[in-house]
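Visitor: pasting the sequence and the predicted model now:
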Amino acid sequence: MSPPDSPDRRSDFPFYTGEPVPLSGRQWLCVLAGVVLAFCLLVAPWTRPPGAWGMWLPALLFCLVPLGALAAVAGRAWTALFGPVRGREVLQMIGIAALNLAVTVGVGLLFASHHQVSANPAAQSLADAGATARAMRFAAMLPQLLGEELLTILPFLACLWWLHTRWTLGRRTSVVLAWVVSAVPFALVHLPTYGWNLMQCLVVIGTARLVLSLGYLLSRNLWVSTGAHVLNDWTLFGAGLLAATVRA
């Protein structure tokens, strides 16, 4: 049996110990630069052509640019982020999504009872859209949410590499610290969405991100955390859309 700080490498996180390929500090900076560039392309108005299909270009760039950056430095080893999707992985997606919905609602209600909160304008925009536009937006969430997972998990792996390799911290400590640190950028990029409400983004969105990241931490499979994220957002936006329809 392997000791706690030296797990079976076949089920461990990729890259931070040099498996399947070693990455240097400069190479990690290249990957992180790809993440930043991808987010800039997502929010830039000139990447969104007019028309119903316009939302697909920034969403696709958001996930393809970071993967391209990783492939540029890791070659074919970029696929180490992903694993097969079988019954177990589907159950993990559902479980993490259900847990995140419960935590998000609980933390959100608690936060709203003490602080002012801002609504997500995308919910109202979705309610005002026609049936075709709604279907397109729900479909476009697939590549965009994969991009959001890359926005979190690639910095997680970079932090894990830095803490474990450069700071020589133990694996468990490095994983926990990287898990927490990697949730911060995800929370901060939601500031424009929630009216620059810093506390709401850090507390509510940050907590939700920690739960969603468990999908990857437990499975080492980006499809699991992405699937959980998709189920979570589809449920939240679907419930909001249903409520708006009933009120109308």
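Guide: Cool, got the structure. Numbers count the residues shown, from 1 in each chain.
Visitor: helices and strands of the protein: which one bottoms out on pLDDT?
Guide: For the chain, the helix or strand with the lowest mean confidence is helix 121-128, at a mean of 80 (criterion: mean pLDDT, DSSP states H and E).
Visitor: and the residue nearest the centre of the chain, what's its pLDDT?
Guide: The centre of the chain sits closest to Glu149, judged by CA atoms, centre = their mean, with a distance of 2.5 Å. At Glu149, the model reports a pLDDT of 99.
Visitor: dump the residue contacts of it.
Guide: By CB atoms under 8 Å, 6 or more residues apart in numbering, Glu149 lies in contact with 212, 216, 222, 225-226, 229. No exception for glycine: its C-beta is placed from N, CA and C like everyone else's.
Visitor: most neighbours, which of those residues?
Guide: Leu212 (29 neighbours; other CB atoms under 10 Å).
Visitor: correct me if wrong: it contacts Ile96.
Guide: Yes: with contact defined as CB atoms under 8 Å, Leu212 and Ile96 form a contacting pair (6.6 Å).
Visitor: now for those two: what residues contact both?
Guide: 225, 228.
Visitor: okay, and Leu91 sits in which element?
Guide: Using DSSP states H and E, Leu91 maps to helix 87-112.
Visitor: ok, Gly83 next?
Guide: Counting by DSSP H and E, Gly83 is found in no helix or strand.
Visitor: what pLDDT does the model give it?
Guide: pLDDT at Gly83 comes out at 96.
Visitor: ok, now Gln27?
Guide: pLDDT for Gln27: 98.
Visitor: in which helix or strand does it reside?
Guide: Going by DSSP H and E, Gln27 is part of helix 25-43.
Visitor: show me what the least confident helix or strand of the chain is packed up against.
Guide: helix 222-247 (3 or more CB pairs under 8 Å, 6 or more residues apart in numbering; DSSP states H and E).
Visitor: one more time with 10 Å
Guide: helix 131-161, helix 222-247 (3 or more CB pairs under 10 Å, 6 or more residues apart in numbering; DSSP states H and E).
Visitor: any regions of this structure where pLDDT drops low?
Guide: Across the chain, residues meeting the criterion (pLDDT under 70) sit at 1-10, 244, 247-248.
Visitor: can I get the CA coordinates of the helix holding Gln27 in CSV?
Guide: Below are the C-alpha coordinates for helix 25-43, written out as CSV (Å, rounded to 0.1, in the frame of the first residue of the first chain):
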residue,chain,number,x,y,z
GLY,A,25,7.6,27.2,-14.7
ARG,A,26,7.7,29.0,-18.1
GLN,A,27,5.5,26.4,-19.6
TRP,A,28,3.0,26.8,-16.8
LEU,A,29,3.0,30.6,-17.4
CYS,A,30,2.2,29.8,-21.0
VAL,A,31,-0.8,27.8,-20.0
LEU,A,32,-2.0,30.4,-17.6
ALA,A,33,-1.5,33.1,-20.3
GLY,A,34,-3.8,31.0,-22.5
VAL,A,35,-6.4,31.0,-19.7
VAL,A,36,-6.3,34.8,-19.4
LEU,A,37,-6.4,35.2,-23.2
ALA,A,38,-9.4,32.9,-23.4
PHE,A,39,-11.3,34.9,-20.8
CYS,A,40,-10.5,38.2,-22.6
LEU,A,41,-11.8,36.6,-25.9
LEU,A,42,-15.0,35.5,-24.1
VAL,A,43,-15.9,39.0,-22.9
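Visitor: and that helix, which residues are buried?
Guide: If you call a residue buried by 16 or more other CB atoms under 10 Å, then helix 25-43 has these buried ones: 27-28, 31-32, 34-35, 37-39, 41-42.
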